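no sequence on this one, just coordinates:
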């Protein structure tokens with residue numbers, strides 16, 4: 001957001017707070033788990049230079065994900081419109097950029113990466129459970145570049161919190177799964 005700086009004590013009416021405009025926009029955004037395939041979150045806000053200045057700049061970042069490209073495009077359009085409205089309401093300007101971090105991927109049960117992963121897991125005594133993931137990982141980049149692969153859960157808990165952890169036993173079991181994956185790939189499972 002871009003507003004107009006002013007002295008907060010002497011002439012606040014001359015300013016246009018970019019932070020207020022950003023806050024108005026953020027409060028109106030649809031955030032959280034929007035449906036089974038789609039999420040949106042504001043994860044970063046930066047603005048202002050001192051507490052006695054009406055801030056002329058404020059930036060915030062939104063993470064948007066969906067397993068459905070049409071829903072994703074529609075949500076991005078909605079978010080941009082909401083941001084523009086919030087800025088205009090506070091007589092500020094919205095400056096937006098869209099950065100695509102990675103693209104999603106989807107496989108069928110019979111596709112080679114899924115078959116290999118399931119065979120390796122079964123060989124190590126696990127019952128494979130296929131599910132959509134909401135995270136981004138190296139697998140997204142590999143798939144985007146034509147190297148089909150899937151993510152395997154490894155026992156991580158409380159992901160992206162201060163309490164995130166993985167048990168040593170789970171890491172050791174993933175080593176066994178990884179070696180089994182190499183074996184089944186070599187054997188052409």
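Looks like it arrived, so ask away. Only a predicted model underlies this, so the values are computations on that prediction, with no experimental measurement involved. Numbering: from 1, shown residues only.

which residues touch the helix or strand of the chain with the lowest mean pLDDT?
Between all helices and strands in the chain, the lowest mean by mean pLDDT, DSSP states H and E belongs to helix 138-144, at a mean of 91. The contact list for helix 138-144, computed with C-beta atoms under 8 Å, 6 or more residues apart in numbering, reads 102-105, 148-151. Yep, even glycine has a C-beta here, placed from its N, CA and C like the rest.

All the strands of this protein, residue numbers only.
6-7, 32-35, 38-47, 53-54, 58-66 (DSSP state E).

Just put the ones you listed in JSON lines and tack on mean pLDDT and distance to residue 161.
Output for the strands of the chain, formatted as JSON lines (pLDDT from 0 to 100; distance: least, C-beta to C-beta, whole Å):
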{"stretch": "strand 6-7", "mean pLDDT": "97", "distance to residue 161": "39"}
{"stretch": "strand 32-35", "mean pLDDT": "97", "distance to residue 161": "16"}
{"stretch": "strand 38-47", "mean pLDDT": "97", "distance to residue 161": "13"}
{"stretch": "strand 53-54", "mean pLDDT": "97", "distance to residue 161": "34"}
{"stretch": "strand 58-66", "mean pLDDT": "96", "distance to residue 161": "16"}
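
if we can go back for a sec, tell me which of the contacts of helix 138-144 is nearest to residue 119?
Of all the contacts of helix 138-144, residue 119 sits closest to residue 150, with 12.3 Å by C-beta to C-beta.
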